[in-house]
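In: Structure, please.
(chains A and B)
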Amino acid sequence: MRGTLAFLKKELIEHTRNYKLFIFFIVFAIIGILSPLSAKFLPELLESLMDENITIILQEPTHVDSWVQFFSNVNQMGLVVMILVFSPLMAREYEKGTLVHMVTKGLPRLSIYSAKLAMLYLSWTLFYWMSALITLGYTYYYFPDSSTEGLLLATVSMYIFGLMLLALLLLSAVILETTFAPLLAVGGFVGLLFLGELVPVIQEWSPLQLNSRNAQWLTGLEPGREIIQSFAVTGILTVFFIAAGAALFRKKAIN
Amino acid sequence: MAVLEISQLKKSFGKQTVLDDVSFSVEKGSVFGFIGKNGAGKTTTMNIVLGLLRAESGEVKVNGETVIYGDTKTNRFVGYLPDVPEFYSFLTAREYMQLSLDVSGTTYPNGDQKITDLLAMVGLEDSKKRISNYSRGMKQRLGIAQALINDPVLLICDEPTSALDPIGRKQLLSVLEKVKEKTTVVFSTHILSDVEAVCDEVAILDKGKIVTQGSVSELKGRLSSKRWSVTLETLADAEKVKEALAHNPLFSNISQKDSIVEGETTEGRQAIRSIMEILTRLAIVPEKIERIEPTMEEVFLEAIK
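Out: Numbers count the residues shown, from 1 in each chain, chains lettered A, B, ... in the order given. Prediction:
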């Protein structure tokens, strides 16, 4: 445990001194601030940009629009930045041979793997929920009569989806020794999930529901059986990715 | 007691056999030189000992415990210094040493003092300077310090001086001299003067096989009877002696350089006696007659012939 914590501390120092945690802070803070702001002022902005002769009718924005913006921004910006920044997580260690000193000091490989996973999950947890809290605060500020119905499920499901992608990122980083191959692997997996959406049976079980139906639950739509199935599949896949990564890393040649 | 025991180790990369039935052991308290050309299999052997590579067959024991690939348990007895050590460049030397201490699981009543002592021993300043600003020599010295943080029973140095300038090499060898008082050292290299400087015992690896093994003096002794030299006062004397020796079947490869006549023989003692007889017969008084002690380079070249 001491070794794992020491290695995790090294990871934290590394990501702090290389400004990666600062980048996450900025990106997720922007998402948190911008999502309610853009929901509130987008109709006015669109109106001001339109020709006077064209009339567009837009519904009065609500708190739901704020969260729709949040989930969309987390998907398109937050998760992408996080996966992009963490993609070389193992490649740098393999390439430079820095793990050799750790392993030859007697640090179990599982400790290295656990510390890497903890770094990913700590970052995602901290910055995702920070961003969600900022969004919550500004949403209340701009839309004082907003409700929190379905919010927990919507935010937790996105969070769980992120955990799965980061587990896959680490597995890919253990197997593939190049800097951006893990990024492509995660991208390819998400691409496959989108393809799976075309088949109703797969769609019912797809983890993609956790990051695409969030807004529906905020509007009061009751989550059906699919959401349980989707949570189950996502959980199983996450555990599988983590276990497979650990098993492969244990037998990986390090030199 | 053997700190490191390697028996019948085999390893191939594809069709290329890198280690073929390699066996040797290293006794406690010695500095063991592991010599071989580039690509002879030295680093592969080290990596197997450290559990970083899987052997096809054979067994490695460190401090009596079997090394299992992927399992790092035996590494608690080991300190390792690679040829070009790579560190987390965003850390300072002290931070890196603290990380090494923590991951090794070793506990000292005063870990900070241990780090201070080791940094002082290798001559590194305990400052806020990050490792990214270190020279290669400084990194090598930090490499030694981190390798010793867990008070290892066995220190494995894989060509530690190959990338250093003469001053860096001298500093590193003097650190190894200090270390050997407490720790058994396995030192792989192709720089033979370094072997002569620090090693007690030597094994020569060639094409994946141990071709010879023994103490430095033993290995030299095996060759020492073969070469001789006579230093004479004048060129004319040297020519006469060379001529006389050439007719004696005991001597071979006779050459003359100025007033020195050199050659080889199969029987050292008898050769010196014959040289003295010939000199007496020719009434020549030499300046010097000697059996030439071979260098490690000659020992090595002879072994891999």
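In: what number of residues lie near B:Val241?
Out: Neighbours of B:Val241 under the rule other CB atoms under 10 Å in any protein chain shown: 22. C-beta: built from backbone N, CA, C; applies to glycine.
In: Identify the residues contacting the closest residue to it other than its chain neighbours.
Out: In space, and not counting its chain neighbours, B:Val241 is closest to B:Val261: 5.3 Å by CB to CB, 6 or more residues apart in numbering or on different chains. B:Val261 sits next to B:Ser229, B:Val230, B:Leu232, B:Ala238, B:Val241, B:Lys242, B:Leu245, B:Ile254, B:Ser255 when contact means CB atoms under 8 Å, 6 or more residues apart in numbering or on different chains.
In: Could you rerun that using 6 Å?
Out: Contact analysis of B:Val261 by CB atoms under 6 Å, 6 or more residues apart in numbering or on different chains lists B:Val230, B:Ala238, B:Val241, B:Lys242.
In: is it fair to say it lies in a strand?
Out: Yes. When classified by DSSP: H, G, I helix; E, B strand; the rest coil, B:Val261 is found to be part of a strand.
In: for it, which residues make a bridge with it?
Out: Applying DSSP bridges to B:Val261 yields these beta-bridge partners: B:Val230, B:Gln256.
In: Which residues of the stretch 101-250 of chain A lie near chain B?
Out: For the stretch 101-250 of chain A, the contact set with chain B under CB under 6 Å from any CB of the partner chain comprises A:Met102, A:Val103, A:Thr104, A:Lys105, A:Gly106, A:Leu107, A:Pro108, A:Arg250.
In: at 8 Å what do you get?
Out: For the stretch 101-250 of chain A, the contact set with chain B under CB under 8 Å from any CB of the partner chain comprises A:His101, A:Met102, A:Val103, A:Thr104, A:Lys105, A:Gly106, A:Leu107, A:Pro108, A:Arg109, A:Ser111, A:Arg250.
In: Can you pull the phi and psi angles for the third one?
Out: When you say that, I think you mean A:Val103. Main-chain torsions, A:Val103, degrees, to the nearest 10: phi -70, psi -40.
In: ok, now how distant is it from B:Ile68?
Out: Separation of A:Val103 from B:Ile68 (CB to CB, to the nearest Å) stands at 13 Å.
In: Find residues that contact each of the two.
Out: In terms of CB under 8 Å, 6+ apart, A:Val103 and B:Ile68 are both contacted by the residues B:Gly51.
In: higher neighbour count, the two?
Out: Using other CB under 10 Å as the criterion, A:Val103 and B:Ile68 rank with A:Val103 on top: 22 against 12.
In: coming back round to it: pLDDT score assigned to the residue nearest to B:Val241?
Out: The model reports B:Val261 with a pLDDT of 91.
In: Flag the shaky bits of the chain, pLDDT-wise.
Out: Assuming you mean chain A. For chain A, the stretches flagged by pLDDT under 70 are A:52, A:55-58.
In: try again with chain B
Out: B:223-225.
In: Tell me which stretches of it form helices.
Out: Per DSSP state H, chain B carries helices over the ranges B:42-49, B:93-104, B:111-121, B:136-147, B:166-179, B:192-198, B:216-224, B:235-246, B:268-281, B:296-303.
In: From the contact counts, what lies against the first one?
Out: Using 3 or more CB pairs under 8 Å, 6 or more residues apart in numbering or on different chains; DSSP states H and E as the contact criterion, the secondary-structure elements in contact with helix B:42-49 are strand B:2-13, strand B:16-27, strand B:31-36, strand B:57-62, strand B:154-158, strand B:184-189.
In: re earlier: closest to B:Glu290 out of the residues of the stretch 101-250 of chain A next to chain B?
Out: Nearest to B:Glu290, judged by CB to CB, of those is A:Thr104 at 46.1 Å.
In: Distance of the closest one relative to A:Lys40?
Out: 57 Å.
In: now B:Leu148
Out: B:Leu148 is 62 Å from A:Lys40, by CB to CB.
In: what about these two, which has more around it?
Out: More crowded of B:Leu148 and A:Lys40, by other CB under 10 Å: B:Leu148, with 24 against 21.
In: which residue packs closest to the more buried one, ignoring adjacent ones?
Out: B:Leu148's closest residue in space is B:Gly79 (CB to CB, 6+ apart), at 5.4 Å.
In: Next, the nearest residue to A:Leu12 once chain neighbours are set aside: phi, psi?
Out: Leaving aside its chain neighbours, A:Leu12 sits nearest to A:Met119 (7.1 Å; criterion: CB to CB, 6+ apart). With angles defined as degrees, to the nearest 10, A:Met119 sits at phi -60, psi -40.
In: where do the helices sit along the stretch 101-250 of chain A?
Out: Ranges of helices within the stretch 101-250 of chain A are A:109-142, A:151-175, A:181-196, A:200-205, A:209-212, A:214-218, A:225-250, based on DSSP state H, counting those that start in this stretch.
In: Turn those into a markdown table, including distance to B:Asp126.
Out: Converted to a markdown table, the helices of the stretch 101-250 of chain A look like this (distance: least, CB to CB, whole Å):
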| stretch | distance to B:Asp126 |
| --- | --- |
| helix A:109-142 | 26 |
| helix A:151-175 | 34 |
| helix A:181-196 | 38 |
| helix A:200-205 | 58 |
| helix A:209-212 | 49 |
| helix A:214-218 | 52 |
| helix A:225-250 | 34 |
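In: Thanks a lot, see you next time.
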